[in-house]
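*Asks:* quick one: sequence and predicted model below, then my questions.
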Amino acid sequence: MLARDHLKDLLSNSDYTKTDKLLICLAVDVDVAKEVSAIRNLAEASGLRVVRGWNVSQLLSATKGLAVRTAKGWELTSNGKLRVGTLIGPALQSPVAQVIPHLRALLPGVKNLQVVSFIEEAVRCLELGLWRSGVVLSWVGAVAVLYDYVVANHLSTFNAEAIKRNPKWKPAKTTEDLSRMQEADFLVVLESTQIIGKSVKQELEGCLKYRNGAGHPNQMKVGTARATGHVETLIQHVFAVYCEDT
(Lines give C-alpha, C1' and ligand atoms only; values in the text may rest on other atoms or scores of the structure.)
Protein backbone atom coordinates (compact mmCIF):
# COMPACT_ATOMS: atom_id res chain seq x y z
CA MET A 1 0.00 0.00 0.00
CA LEU A 2 2.86 2.35 0.80
CA ALA A 3 6.43 2.31 -0.49
CA ARG A 4 9.10 2.55 2.20
CA ASP A 5 10.75 5.35 0.19
CA HIS A 6 7.90 7.70 1.09
CA LEU A 7 8.00 7.02 4.81
CA LYS A 8 10.63 9.63 5.73
CA ASP A 9 8.63 12.42 4.15
CA LEU A 10 5.33 11.31 5.67
CA LEU A 11 6.68 10.80 9.19
CA SER A 12 8.30 14.24 9.14
CA ASN A 13 4.92 15.86 8.47
CA SER A 14 3.94 17.78 11.60
CA ASP A 15 0.28 17.78 10.56
CA TYR A 16 0.00 14.07 11.41
CA THR A 17 -0.73 12.90 14.96
CA LYS A 18 1.22 10.15 16.72
CA THR A 19 -1.54 7.70 15.88
CA ASP A 20 -1.58 8.78 12.23
CA LYS A 21 2.14 8.10 11.96
CA LEU A 22 1.82 4.66 13.51
CA LEU A 23 -0.99 3.78 11.10
CA ILE A 24 1.19 4.98 8.23
CA CYS A 25 3.99 2.67 9.43
CA LEU A 26 1.56 -0.25 9.36
CA ALA A 27 0.78 0.60 5.73
CA VAL A 28 4.34 -0.31 4.69
CA ASP A 29 4.23 -3.97 3.57
CA VAL A 30 0.61 -3.71 4.62
CA ASP A 31 -0.04 -7.45 4.50
CA VAL A 32 2.70 -8.17 7.03
CA ALA A 33 1.66 -7.97 10.70
CA LYS A 34 4.14 -6.03 12.82
CA GLU A 35 5.18 -6.38 16.45
CA VAL A 36 5.69 -3.17 18.43
CA SER A 37 9.46 -3.54 18.11
CA ALA A 38 9.18 -3.78 14.32
CA ILE A 39 6.97 -0.68 14.17
CA ARG A 40 9.45 1.26 16.29
CA ASN A 41 12.40 0.11 14.18
CA LEU A 42 10.61 1.10 10.98
CA ALA A 43 9.76 4.54 12.32
CA GLU A 44 13.24 5.17 13.77
CA ALA A 45 14.92 4.11 10.52
CA SER A 46 12.83 6.77 8.78
CA GLY A 47 13.85 9.52 11.20
CA LEU A 48 11.04 9.37 13.79
CA ARG A 49 13.24 8.80 16.83
CA VAL A 50 10.69 10.11 19.31
CA VAL A 51 8.73 6.91 18.75
CA ARG A 52 10.96 5.35 21.43
CA GLY A 53 8.96 7.17 24.08
CA TRP A 54 5.53 6.33 22.71
CA ASN A 55 3.23 3.65 24.09
CA VAL A 56 2.62 2.12 20.67
CA SER A 57 0.14 -0.54 21.79
CA GLN A 58 -1.94 1.97 23.74
CA LEU A 59 -2.10 4.40 20.82
CA LEU A 60 -3.10 1.69 18.33
CA SER A 61 -5.64 0.18 20.74
CA ALA A 62 -7.38 3.56 20.91
CA THR A 63 -7.94 3.79 17.13
CA LYS A 64 -11.46 2.35 17.40
CA GLY A 65 -10.88 -0.49 15.01
CA LEU A 66 -8.46 1.11 12.54
CA ALA A 67 -5.75 -1.30 13.72
CA VAL A 68 -6.03 -4.68 15.44
CA ARG A 69 -3.57 -6.90 17.21
CA THR A 70 -3.50 -10.42 15.78
CA ALA A 71 -1.41 -13.40 16.78
CA LYS A 72 1.44 -12.11 14.59
CA GLY A 73 1.31 -8.44 15.54
CA TRP A 74 -0.48 -5.23 14.64
CA GLU A 75 -2.33 -4.91 11.33
CA LEU A 76 -4.51 -2.36 9.61
CA THR A 77 -8.18 -3.20 9.22
CA SER A 78 -10.11 -2.27 6.06
CA ASN A 79 -11.17 0.96 7.75
CA GLY A 80 -7.57 1.53 8.78
CA LYS A 81 -6.41 1.22 5.18
CA LEU A 82 -9.08 3.70 4.13
CA ARG A 83 -7.89 6.09 6.84
CA VAL A 84 -4.26 5.86 5.72
CA GLY A 85 -5.32 6.35 2.11
CA THR A 86 -7.12 9.53 3.11
CA LEU A 87 -4.05 10.72 5.04
CA ILE A 88 -1.39 10.07 2.46
CA GLY A 89 -3.31 10.46 -0.78
CA PRO A 90 -2.74 14.22 -1.21
CA ALA A 91 0.88 13.92 -0.09
CA LEU A 92 1.73 11.16 -2.56
CA GLN A 93 -0.03 12.89 -5.44
CA SER A 94 2.10 15.98 -4.94
CA PRO A 95 4.91 16.28 -7.51
CA VAL A 96 7.27 17.10 -4.65
CA ALA A 97 6.64 13.68 -3.13
CA GLN A 98 7.83 12.10 -6.36
CA VAL A 99 11.22 13.84 -6.60
CA ILE A 100 12.30 13.90 -2.95
CA PRO A 101 12.81 10.11 -2.66
CA HIS A 102 14.87 10.18 -5.87
CA LEU A 103 17.13 12.90 -4.49
CA ARG A 104 17.56 11.10 -1.18
CA ALA A 105 18.33 7.83 -2.94
CA LEU A 106 21.31 9.48 -4.65
CA LEU A 107 23.01 10.56 -1.41
CA PRO A 108 24.76 7.26 -0.57
CA GLY A 109 26.60 7.39 -3.89
CA VAL A 110 27.96 10.92 -3.42
CA LYS A 111 31.48 11.09 -2.03
CA ASN A 112 31.76 14.88 -1.83
CA LEU A 113 30.29 15.90 1.53
CA GLN A 114 29.72 19.44 0.31
CA VAL A 115 27.53 18.13 -2.51
CA VAL A 116 25.68 15.95 0.00
CA SER A 117 25.01 19.05 2.07
CA PHE A 118 23.61 20.95 -0.91
CA ILE A 119 21.30 18.06 -1.82
CA GLU A 120 20.11 17.58 1.76
CA GLU A 121 19.36 21.30 2.11
CA ALA A 122 17.52 21.34 -1.22
CA VAL A 123 15.40 18.38 -0.07
CA ARG A 124 14.58 20.12 3.18
CA CYS A 125 13.58 23.31 1.35
CA LEU A 126 11.22 21.34 -0.89
CA GLU A 127 9.71 19.61 2.14
CA LEU A 128 9.02 22.99 3.75
CA GLY A 129 7.69 24.60 0.59
CA LEU A 130 10.64 26.99 0.30
CA TRP A 131 10.58 26.87 -3.49
CA ARG A 132 13.05 29.64 -4.28
CA SER A 133 15.63 28.20 -1.89
CA GLY A 134 15.07 24.69 -3.24
CA VAL A 135 15.61 25.88 -6.81
CA VAL A 136 18.82 27.71 -5.93
CA LEU A 137 20.34 24.99 -3.73
CA SER A 138 19.54 22.17 -6.14
CA TRP A 139 21.29 24.12 -8.91
CA VAL A 140 24.33 24.79 -6.74
CA GLY A 141 24.50 21.08 -5.92
CA ALA A 142 24.22 20.10 -9.57
CA VAL A 143 27.00 22.48 -10.61
CA ALA A 144 29.18 21.12 -7.79
CA VAL A 145 28.62 17.61 -9.15
CA LEU A 146 29.64 18.72 -12.64
CA TYR A 147 32.74 20.50 -11.31
CA ASP A 148 33.86 17.35 -9.52
CA TYR A 149 33.21 15.24 -12.60
CA VAL A 150 35.26 17.52 -14.82
CA VAL A 151 38.20 17.65 -12.39
CA ALA A 152 38.19 13.87 -11.99
CA ASN A 153 37.77 12.93 -15.64
CA HIS A 154 38.16 15.71 -18.22
CA LEU A 155 40.26 18.52 -16.78
CA SER A 156 42.90 18.76 -19.54
CA THR A 157 40.28 18.58 -22.29
CA PHE A 158 38.16 21.20 -20.53
CA ASN A 159 41.10 23.58 -20.06
CA ALA A 160 42.16 23.23 -23.68
CA GLU A 161 38.69 24.18 -24.91
CA ALA A 162 38.38 26.99 -22.36
CA ILE A 163 41.68 28.53 -23.51
CA LYS A 164 40.61 28.22 -27.13
CA ARG A 165 37.52 30.27 -26.31
CA ASN A 166 39.25 32.65 -23.91
CA PRO A 167 43.06 32.97 -24.19
CA LYS A 168 43.09 34.65 -20.78
CA TRP A 169 41.69 31.57 -19.07
CA LYS A 170 44.08 30.29 -16.41
CA PRO A 171 43.99 26.47 -16.52
CA ALA A 172 41.90 25.08 -13.70
CA LYS A 173 43.32 22.54 -11.28
CA THR A 174 40.53 22.35 -8.72
CA THR A 175 36.77 22.72 -8.53
CA GLU A 176 37.26 26.14 -7.00
CA ASP A 177 39.22 27.17 -10.09
CA LEU A 178 36.29 26.14 -12.29
CA SER A 179 34.01 28.46 -10.35
CA ARG A 180 35.91 31.42 -11.84
CA MET A 181 34.10 30.77 -15.11
CA GLN A 182 30.57 32.06 -15.64
CA GLU A 183 28.15 29.15 -15.35
CA ALA A 184 26.65 29.86 -18.78
CA ASP A 185 30.16 29.66 -20.31
CA PHE A 186 30.85 26.51 -18.29
CA LEU A 187 27.88 24.79 -19.94
CA VAL A 188 29.09 25.88 -23.38
CA VAL A 189 32.53 24.36 -22.77
CA LEU A 190 30.94 21.16 -21.48
CA GLU A 191 29.00 20.80 -24.72
CA SER A 192 31.98 21.72 -26.90
CA THR A 193 34.06 18.98 -25.27
CA GLN A 194 31.14 16.52 -25.58
CA ILE A 195 30.99 16.04 -21.83
CA ILE A 196 27.30 16.80 -22.22
CA GLY A 197 25.16 16.81 -25.35
CA LYS A 198 23.43 19.77 -26.98
CA SER A 199 19.97 18.86 -25.71
CA VAL A 200 21.25 18.44 -22.14
CA LYS A 201 23.02 21.79 -22.35
CA GLN A 202 19.77 23.41 -23.44
CA GLU A 203 17.90 21.83 -20.53
CA LEU A 204 20.56 23.00 -18.07
CA GLU A 205 20.57 26.49 -19.57
CA GLY A 206 16.85 26.61 -18.81
CA CYS A 207 17.56 25.57 -15.23
CA LEU A 208 20.27 28.23 -14.94
CA LYS A 209 17.91 30.96 -16.15
CA TYR A 210 15.26 29.79 -13.71
CA ARG A 211 17.81 29.70 -10.87
CA ASN A 212 18.85 33.26 -11.74
CA GLY A 213 15.25 34.40 -11.60
CA ALA A 214 14.56 32.58 -8.33
CA GLY A 215 17.73 33.84 -6.70
CA HIS A 216 17.18 37.58 -7.16
CA PRO A 217 14.54 40.03 -5.93
CA ASN A 218 11.92 40.32 -8.67
CA GLN A 219 8.27 39.71 -9.46
CA MET A 220 8.77 36.15 -10.71
CA LYS A 221 6.48 33.62 -9.02
CA VAL A 222 8.03 30.32 -7.98
CA GLY A 223 5.50 27.56 -7.39
CA THR A 224 5.39 23.85 -6.61
CA ALA A 225 5.13 22.43 -10.12
CA ARG A 226 7.81 24.62 -11.71
CA ALA A 227 10.24 24.20 -8.83
CA THR A 228 9.70 20.44 -8.88
CA GLY A 229 10.25 20.33 -12.63
CA HIS A 230 13.51 22.23 -12.20
CA VAL A 231 14.73 19.70 -9.62
CA GLU A 232 13.55 16.75 -11.70
CA THR A 233 15.52 18.03 -14.70
CA LEU A 234 18.66 18.24 -12.56
CA ILE A 235 18.07 14.72 -11.24
CA GLN A 236 17.68 13.30 -14.74
CA HIS A 237 20.58 15.09 -16.39
CA VAL A 238 23.10 15.62 -13.58
CA PHE A 239 22.55 13.89 -10.24
CA ALA A 240 21.50 10.49 -11.60
CA VAL A 241 24.24 10.56 -14.24
CA TYR A 242 27.31 11.93 -12.46
CA CYS A 243 26.81 11.49 -8.70
CA GLU A 244 28.58 8.14 -8.50
CA ASP A 245 31.64 9.77 -10.03
CA THR A 246 31.84 12.63 -7.54
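*Replies:* Yes, it's here.
*Asks:* show me what counts as buried in the lengthiest helix in the chain.
*Replies:* Assignment by DSSP state H gives helix 131-153 as the longest helix of the chain. Buried residues in helix 131-153, defined by neighbour count with 16 or more other C-beta atoms under 10 Å: 131-151. Backbone N, C-alpha and C define where each C-beta goes, glycine included.
*Asks:* repeat for stretch 99-118
*Replies:* Buried residues in stretch 99-118 (16+ other C-beta under 10 Å): V99, I100, P101, L103, L106, V110, N112, V115, V116, F118.
*Asks:* which SSE is immediately downstream of the helix or strand bottoming out on mean pLDDT in the chain?
*Replies:* Between all helices and strands in the chain, the lowest mean by mean pLDDT, DSSP states H and E belongs to helix 95-106, at a mean of 74. Per DSSP states H and E, the first helix or strand lying C-terminal to helix 95-106 is helix 113-127.
*Asks:* tilt between that following helix and helix 131-153?
*Replies:* Helix 113-127 runs at 160 degrees relative to helix 131-153, counting by axes from the mean of the first three to the mean of the last three C-alpha atoms, to 10 degrees.
*Asks:* pretty sure T70 is touching A33, no?
*Replies:* Yes: T70 lies in contact with A33 (C-beta atoms under 8 Å); the separation is 5.5 Å.
*Asks:* for the one helix or strand V231 maps to, the distance to its chain's centre please.
*Replies:* If you go by DSSP H and E, V231 is part of helix 224-234. The chain centre lies 11 Å from the centre of helix 224-234; the measure is C-alpha atoms, centre = their mean, to the nearest Å.
*Asks:* and the next helix or strand after that helix, how far from the chain's centre?
*Replies:* Using DSSP H and E, the helix or strand that follows helix 224-234 in sequence is helix 240-242. Relative to its parent chain, helix 240-242 has a centroid offset of 14 Å by C-alpha atoms, centre = their mean.
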